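Undergrad: here's a sequence, model it:
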Amino acid sequence: MMNLKKFSLIPFALLAIYGCQSSSQKDKAEINDSNTPLHLMKPEYPVMYGETTLDSIRADIERVYAYLDRVTPMALEQKADHTTVTDLAKIDTNTLFKKGDFRLISYEWGVTYGAMLRASEVIGDPRYAAYTTDRLEFIGRVLPHFQKLESSHQGYRSPVHSVVQPHALDDAGAMCAAMIKAQYGRTPHTDMKPSISNYIDYILTKEFRLKDGTLARNRPQANTLWLDDLYMSLPALAQMARFTGDNRYLDEAMKQFWLFADKMFVPEKGLYMHGWVEGMEPHPAFHWARANGWALLTKVELLNVLPEGHPARGKLLAQFKKHVAGIVALQHGTGFWHQLLDRNDSYLETSATAIYAYCIARGINAGWLDIKAYGPMVLQAWNAVHSKINSQGQVEGTCVGTGMGFDPAFYYYRPVNKFAAHGYGPVILAGAEIYELIKNNTYVINDSSLQF
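TA: This next block holds a predicted model:
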């Protein structure tokens, strides 16, 4: 519902023209410049404009939470007959997680777990935090049993295999960061520290690197950087520094950030390339929206942890602002961003729009960005995201998982799907941060324009 306190009243004369004249009078008196303040006519916005309220945001978050809580069960079952396994001592090689709409262990769900914690902190609803802590505790309880089976059955891959033996940054970083965040302010019943340490060890010692030390992959080409990997590694290192007080983790995170940025940031555009391949010239310069989101989100995660007086903070904050400026310049009139940021004929995509909404709102709330400059556009970004949350709480319009491409068609025609897990964490994050923004700041409609 519209918050009437935040809107200027439409002049009575205009209401009379539209609502009080008879049909014959309207026929005789055509609306024109001399009898109507045309600048006050309501535009036909395809996405709502200037109607965001705390109640509407909370309702959106609640709807998404209710859906996810329902379709991500914490239960075990037998593969053959789907009978429920409640006695953990009876876990065997045929035991699986009960199927839901999404996996409980993935980098996408690492983002979602962190988002639920942030939503709980901002809105004050403990159920959202419990969504995360309950599931992480469940994973922790079953982990030793599956780990024992993996040790005794050669070649067996359990439902928690990516926790026991991570084989990519996708396995490690986001889940690790969520586990660490879940430790703060509480004493978990299940000790997550062994899993956290295992993830960190993978990032620091086992992931493939270039000769200069940059975390890298050997797919789809040898010696390849994926922009996504900034988020799949560095927030975990930053959180580990905060958790342990050991700044060596933070130093490595900052080193890695600039190893990536120096190769992949395009200063004249204020955007990052999605991929970089050693020995290739030119590099595949596709500015994929969600990858730029992972990079922006990584900067936010680092700035959240870096102390105010840290010598690396100023340079990182300047890079954050340059990236925001590059992204903001390409926002579509509806509030969304395109799948390929600088190609206006590529489709409008939800998950990247949500990530940008969160990051820019976080920048405002933290005092890094000017609310007058960025408040209106980030509120419209949320309105765009809001339009993609359906009545069941599902997030529509999200690009499915996407590797690194070497031609435009690859990105233009990636499918979108409401079961693409990448959309849910960013939407919850965006809702929570926009909630915080308008809780602490007042916006008005001034001459039909939304302003803070």
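Undergrad: from what I can see Gln451 touches Ala373, true?
TA: No - here Gln451 does not reach Ala373: they are 10.8 Å apart, not a contact under C-beta atoms under 8 Å. Where C-beta positions appear, they are placed from N, C-alpha and C, glycine not excepted.
Undergrad: which residues touch Tyr131?
TA: If you count contacts by C-beta atoms under 8 Å, 6 or more residues apart in numbering, Tyr131 has them with 65, 68-69, 113, 116.
Undergrad: now do the helices in the stretch 151-300 of the chain.
TA: 161-164, 169-181, 193-201, 234-244, 248-264, 289-305 (DSSP state H, counting those that start in this stretch).
Undergrad: so which of those comes closest to His338?
TA: Proximity to His338 (C-beta to C-beta) singles out helix 289-305 among those, at 6.5 Å.
Undergrad: the inter-axis angle of that closest one versus helix 234-244?
TA: Orientation check (axes from the mean of the first three to the mean of the last three C-alpha atoms, to 10 degrees): helix 289-305 against helix 234-244 gives 20 degrees.
Undergrad: in stretch 428-446, what counts as buried?
TA: 428-438, 443 (16 or more other C-beta atoms under 10 Å).
Undergrad: among the helices of the stretch 151-300 of the chain, which is the most enclosed?
TA: Mean neighbour count (mean count of other C-beta atoms under 10 Å) peaks for helix 169-181 among the helices of the stretch 151-300 of the chain, with a mean of 26.
Undergrad: hang on, the earlier thing: and the helices of the stretch 151-300 of the chain as CSV, adding distance to Gly270 and mean pLDDT?
TA: Shown next, in CSV, are those (distance: least, C-beta to C-beta, whole Å; pLDDT from 0 to 100):
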stretch, distance to Gly270, mean pLDDT
helix 161-164, 35, 97
helix 169-181, 25, 97
helix 193-201, 32, 97
helix 234-244, 20, 97
helix 248-264, 12, 98
helix 289-305, 10, 98
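Undergrad: got these as TSV, with distance to Lys388 columns?
TA: Compiled in TSV, the helices of the stretch 151-300 of the chain are given as follows (distance: least, C-beta to C-beta, whole Å):
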stretch	distance to Lys388
helix 161-164	29
helix 169-181	22
helix 193-201	32
helix 234-244	25
helix 248-264	28
helix 289-305	14
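Undergrad: mind checking which of the ones you listed is nearest Asn223?
TA: Asn223 lies closest to helix 248-264 among these, at 11.3 Å (C-beta to C-beta).
Undergrad: if you average pLDDT per helix and strand, which one of the chain comes out bottom?
TA: Among the helices and strands of the chain, helix 12-15 carries the lowest confidence by mean pLDDT, DSSP states H and E, at a mean of 40.
Undergrad: all helices of the stretch 351-452 of the chain, in order?
TA: When assigned using DSSP H, counting those that start in this stretch, the helices of the stretch 351-452 of the chain occupy the ranges 371-386, 408-412, 424-440.
Undergrad: may I have the longest one as PDB, with CA atoms only?
TA: In this case it means helix 424-440. C-alpha atoms of helix 424-440 as PDB (Å, rounded to 0.1, in the frame of the first residue of the first chain):
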ATOM      1  CA  TYR A 424      17.200 -15.600  -3.800                       C
ATOM      2  CA  GLY A 425      20.100 -14.500  -1.600                       C
ATOM      3  CA  PRO A 426      20.500 -11.200  -3.600                       C
ATOM      4  CA  VAL A 427      16.800 -10.400  -3.400                       C
ATOM      5  CA  ILE A 428      16.700 -10.900   0.400                       C
ATOM      6  CA  LEU A 429      19.900  -8.900   0.800                       C
ATOM      7  CA  ALA A 430      18.500  -6.100  -1.400                       C
ATOM      8  CA  GLY A 431      15.200  -6.000   0.500                       C
ATOM      9  CA  ALA A 432      16.900  -5.900   3.900                       C
ATOM     10  CA  GLU A 433      19.300  -3.000   2.900                       C
ATOM     11  CA  ILE A 434      16.500  -1.000   1.200                       C
ATOM     12  CA  TYR A 435      14.400  -1.500   4.300                       C
ATOM     13  CA  GLU A 436      17.200   0.000   6.400                       C
ATOM     14  CA  LEU A 437      17.600   2.800   3.900                       C
ATOM     15  CA  ILE A 438      14.000   4.100   4.000                       C
ATOM     16  CA  LYS A 439      13.600   3.300   7.700                       C
ATOM     17  CA  ASN A 440      16.300   5.900   8.400                       C
END
